[in-house]
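[1] the sequence and its predicted three-dimensional model are supplied below.
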Amino acid sequence: MHSLKKAILILSLFCFFYSAKAQEYNLLRGYVTDTLATPLPGVVVRLKNGGGTTTDEAGRYELRLETGVYRLSFQYIGFKTVTLDQLVEGNTTLNVAMEVDENQLQTVNILNKRKDFSYEIIRNTIAEKEKYQNQFTNQRRTIYVKSKETNTTTANAEDDKKAEDKNTVEQVTKIKDSIPDLNYFEGKFTQDIQPPRGFKQVKEAAKKIGRQYSLLYTNTTDADFNFYDNLIFVKKLGDNSYVSPLSTTAFISYKYKLLGSDFDDGKKYYRVQVKPRKLGNALFSGELHIWDESWTLKYVNLSVPKRSLILYNSFTIEQWYTSAKGKWVLAQEQLQWEIKTKSSQSIGEAKVLFQDYSFDSTYTKRFFNAEVGITQDSAYDRDTSYWSTIRPVPLTTDESKFIAYKDSIYRITTSEEYLDSLDSAFNKLTIPNLLWDGQGIINRDKKVLWTFDPLLAMINPIPIGGFRMRYSMSYAKTFDSRKRLYISPNLNYGFRNNDLKGGLGVNYLYNPKKLARVNVAYYNDFSAVNNFATIQDIFSRANFYETNTLRLFHSFEVLNGLYFSSSLSSNIRRPLTDFEFNPQFDSSFNNTNNPPIAFQTNGSSVIRVGLSYTPKQLYIQEPKEKIVLGSSWPTFTLFYEQAVPNLLNATTDFKYIEVGMNQTVNLGIFGTSSYDIKVGSFLDTTAMLPMDFKYQRGGDNYFFIPPLFGYQLIDSTFPVFNAYFESHYNHEFNGFITSKIPGIKQLNIKLSAGGGILYVPERNFRYAELHTGASRVFRIGRERFKLGVHYVVSQGDNQGFRSGIKFLITPYNAANSSWAF
């Protein structure tokens, strides 16, 4: 009961900080915009007596205040400061429209020694943005996309190419010299847009050949280069939000030059050069063509700085605008990019045509919802005659050769005769396969793959108890419905103790659309007391024991964004006190006092239940699977586990509960913020052993723990039995600061900062830390990594003030355009 009271106390504190208490606080919230109703992100909202906040990307702010009268100021570069008094009594909405400060803009413009009409052109175009953005309530259009990459590889990269070909399922033969090596996507979409947030695409047809992860516009959600918006964020490019040259604050960020004027069909337009005022991460450079009198875009040719890109080496956007049914709309977009390594080069191009516009349609109430994309069942089965009919842009000679070649290869390689011959070649026993590559046996017709470990993988020289030999194999089957079955048995034998161990796991994805899977596993093996041990504890025998485990697991999506998981784990746990270890291992690591943990052999049966909910989770529905895109809302989690005594001879008896909240928020040009907050407690600790405890991980000497996963400078790992509060925060500036510092910006170094708070009442332990770091992206072939150097300071009860320098290498996942952590 005592721990339950502590849990309730901490949960109440959690609710206090993250839920408004109506009897004490009121919400003052609203939007800050310019006079054209364009949201202003990053506006500083201050209270006279201290405190405040900033507006988010949507121009929204929120303050929790007691009842009373407050003097507030709203400050933003390039705008006049707004100061006003506001009575806050109950939840109050206060929207503020800020005016451009011409004096600030004139200060910027005075730098031009002679008058340049380009500034007047841009000012007029910005002033007409509202008219352009409000010329219809909604729109529907069809979109044709042809996205491709031409790949070239030098002779020095032949080994890399062979390795890549082996891992590519579609690659079944080498492309002849006369056939170009392409990654290719072609698609037709229908897209509906209703500002500010209504969006839906229907993918009617799609053809995919080769790698797709670096191609743009395989979905229309990939990119939205709307230069009438203040900020433009495209996840595939990198972490930055780019400031539009037609942003309300554009004169602060850009300088312009009139290149001249021309006529098209008797109408005059201006050619304006765009350059960043200072070399920065989040600014475009290039050229805008703007119609006289109407002050609307005619043509755009802009590129982004190399330092802002992660996967690409260069990236350029071209756009052409036209009139459709009296509205001025985007007609064509062409994206060009390059990816280079020492041994290869990929030149990419996406041509996008926007056609068949219609406006101001009537939609059903729930037409615009979390399902932002649908792929028709027949989309991937369109034949050549269909593409010939709908293709508005004829294929080039190289494209025609390539597609004809791939289509013929597909017809051949899907024939039963070819599959049999290909399987025979793949299944052939070879010395490299037996020794180090591993042997596979495939039946492509039945979509079945067996894999067997190579002989070298059998050797395990430094496991627990000395030299062991292991062997594993797997069986995988993919069904036409995208259901997947995976079975993986393994065995391992220790010579010092003459012990045989092993296990069997079965995983079945039975509903891809609901991400529903079941898993059954049994194994007799070693297990860790603390799975998140510090590096120095990895070689500690006290962190390991022997277990016989039967585990049942089930997870599925209940409704959009709500995921449920449950499991039953039954274990027989034995100590390693009678186990014979390798004394040479101890002497090699100068670790002669390294005894295993001692306890009585016991049973444990634990039921675990988890809920995870992300409100308004956006997704694309493919014919046989669901692709989750994310949400602007936090993810809320609930986890409960209970050991059931006497179930399958179990002796442990405990209950544990944990609630949490986590989110990653894009703050535009200011960077990206992430946080993770949780509260947990044992509700019952009647019978437990160390492997049942919950631990707070100590820090490592030089390794910087991913900042949302743990604390950096806690002096040692310790268990927690009662209630605790844990929070982590990290902000990546994405070059917002360093891109403005001469000498630093050229190195493409980016800063981060964050911290965390831990409160463990049972130990009277309060701990807080702050960290800041500098990181730089580096490349190894096509892979991207981020090397970070971080400085950490902390203050904690019983350990005082501490500080240290630590390092972290983070890999980049190009498939989902995100860092691993």
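    The structure has been received and is ready for your questions. Note that the structure is a prediction, hence the values are computed from the model and not measured.

[2] just so I have it, where are all the helices in this protein?
    2-18, 102-109, 117-127, 129-133, 158-167, 250-253, 384-390, 397-413, 416-427, 431-432, 583-588 (DSSP state H).

[3] now do the last one, average pLDDT.
    Okay, so that is helix 583-588. Throughout helix 583-588, pLDDT has a mean value of 62.

[4] also the second one?
    Per-residue pLDDT values across helix 102-109 average out to 56.

[5] returning to that earlier point: and the helices of the chain, which one's lowest on average pLDDT?
    When these are compared by mean pLDDT, helix 158-167 comes last with a mean of 43.

[6] so in this structure, where's the weakest helix or strand by average pLDDT?
    Among the secondary structure pieces of the chain, namely its helices and strands, helix 158-167 has the lowest mean (mean pLDDT, DSSP states H and E), a mean of 43.

[7] so where's the chain uncertain?
    1-24, 57, 77, 102-116, 154-180, 279-281, 399-423, 425, 462, 584-592 (pLDDT under 70).

[8] residue 248 against residue 38, yeah?
    Yes. With contact defined as Cβ atoms under 8 Å, residue 248 and residue 38 form a contacting pair (5.5 Å). (Each C-beta comes from the backbone N, C-alpha and C, glycine too.)

[9] these two: which has the busier surroundings?
    With neighbours defined as other Cβ atoms under 10 Å, residue 248 and residue 38 compare such that residue 248 has more, 23 against 18.

[10] how much space between the more buried one and residue 227?
    Applying Cβ to Cβ, to the nearest Å, the value for residue 248 to residue 227 is 13 Å.

[11] about what we covered before: any shared contact partners between residue 248 and residue 38?
    Taking Cβ atoms under 8 Å, 6 or more residues apart in numbering as the contact criterion, the common neighbours of residue 248 and residue 38 are residue 230.

[12] show me what residue 725 is bridged to.
    As for beta bridges, residue 725 partners with residue 679, residue 759 under DSSP bridges.

[13] next, count neighbours for it.
    By other Cβ under 10 Å, neighbour count at residue 725 equals 21.

[14] next: residue 679.
    The burial metric for residue 679, expressed as a neighbour count using other Cβ under 10 Å, is 22.

[15] in this structure it contacts residue 726, no?
    Yes. In terms of Cβ under 8 Å, residue 679 counts as a neighbour of residue 726; the distance is 7.5 Å.

[16] OK, contacts around residue 202?
    Contacts of residue 202 were listed using Cβ under 8 Å, 6+ apart, and they are 189-191, 373-376.

[17] relative to residue 336, how far out is the nearest residue to residue 707 once chain neighbours are set aside?
    Sequence neighbours aside, residue 730 is the residue nearest to residue 707 in space, at 4.1 Å (criterion: Cβ to Cβ, 6 or more residues apart in numbering). Shown here: residue 730 relative to residue 336, a distance of 34 Å by Cβ to Cβ.

[18] and these two? Which one has more around it.
    Under the criterion of other Cβ under 10 Å, the comparison of residue 730 against residue 336 puts residue 730 first, with 21 against 17.

[19] do you know how far residue 804 is from residue 99?
    Taking Cβ to Cβ as the measure, residue 804 and residue 99 are separated by 49 Å.

[20] more crowded one of the two?
    Neighbour totals were compared for residue 804 and residue 99, and residue 804 leads with 17 against 10 (other Cβ under 10 Å).

[21] ok, the more buried one - contacts?
    Contacts here follow Cβ under 8 Å, 6+ apart; on that basis residue 804 touches 699, 701, 712-713, 791-792.

[22] how about residue 194?
    With Cβ under 8 Å, 6+ apart as the criterion, the residues that contact residue 194 are 137-139, 363, 368.

[23] quick check: beta-bridge partners of it?
    Listed beta-bridge partners, residue 194: residue 198 (assigned using DSSP bridges).

[24] isn't the residue nearest to residue 707 right up against residue 754?
    Yes. Applying Cβ under 8 Å as the test, residue 730 and residue 754 come out as touching, 3.6 Å apart.

[25] so what sits against both of the two?
    residue 707.

[26] for the residue of the chain most remote from its centre, give its distance to residue 291.
    Checked against the mean C-alpha position of the chain, the extreme residue using Cα atoms, centre = their mean is residue 266, at a distance of 48.6 Å. Using Cβ to Cβ, we find residue 266 at a distance of 12 Å from residue 291.

[27] go on, residue 441?
    Counting by Cβ to Cβ, the gap from residue 441 to residue 291 is 65 Å.

[28] and the two? Which one has more around it.
    Ranked by neighbour count (other Cβ under 10 Å), residue 441 and residue 291 place residue 291 first, with 19 against 15.

[29] how near is the more buried one to residue 128?
    From residue 291 across to residue 128, the span is 10 Å (Cβ to Cβ).

[30] contacts only, for the residue farthest from the centre of the chain.
    Applying Cβ under 8 Å, 6+ apart, one finds that residue 266 lies in contact with no residue.

[31] ok, residue 323 next?
    Contact partners of residue 323, counting by Cβ under 8 Å, 6+ apart, are residue 329.

[32] if it is in a bridge, with which residues?
    Each beta-bridge partner of residue 323 is listed here: residue 328, as defined by DSSP bridges.

[33] distance of it from residue 28?
    Shown here: residue 323 relative to residue 28, a distance of 44 Å by Cβ to Cβ.

[34] residue 190 too?
    The span separating residue 190 from residue 28 equals 42 Å under the rule Cβ to Cβ.

[35] who has more neighbours, these two?
    residue 28 (22 against 17).

[36] now that that one has come up, it's in contact with residue 65, right?
    Yes. Counting by Cβ under 8 Å, residue 28 touches residue 65, with 5.4 Å between them.
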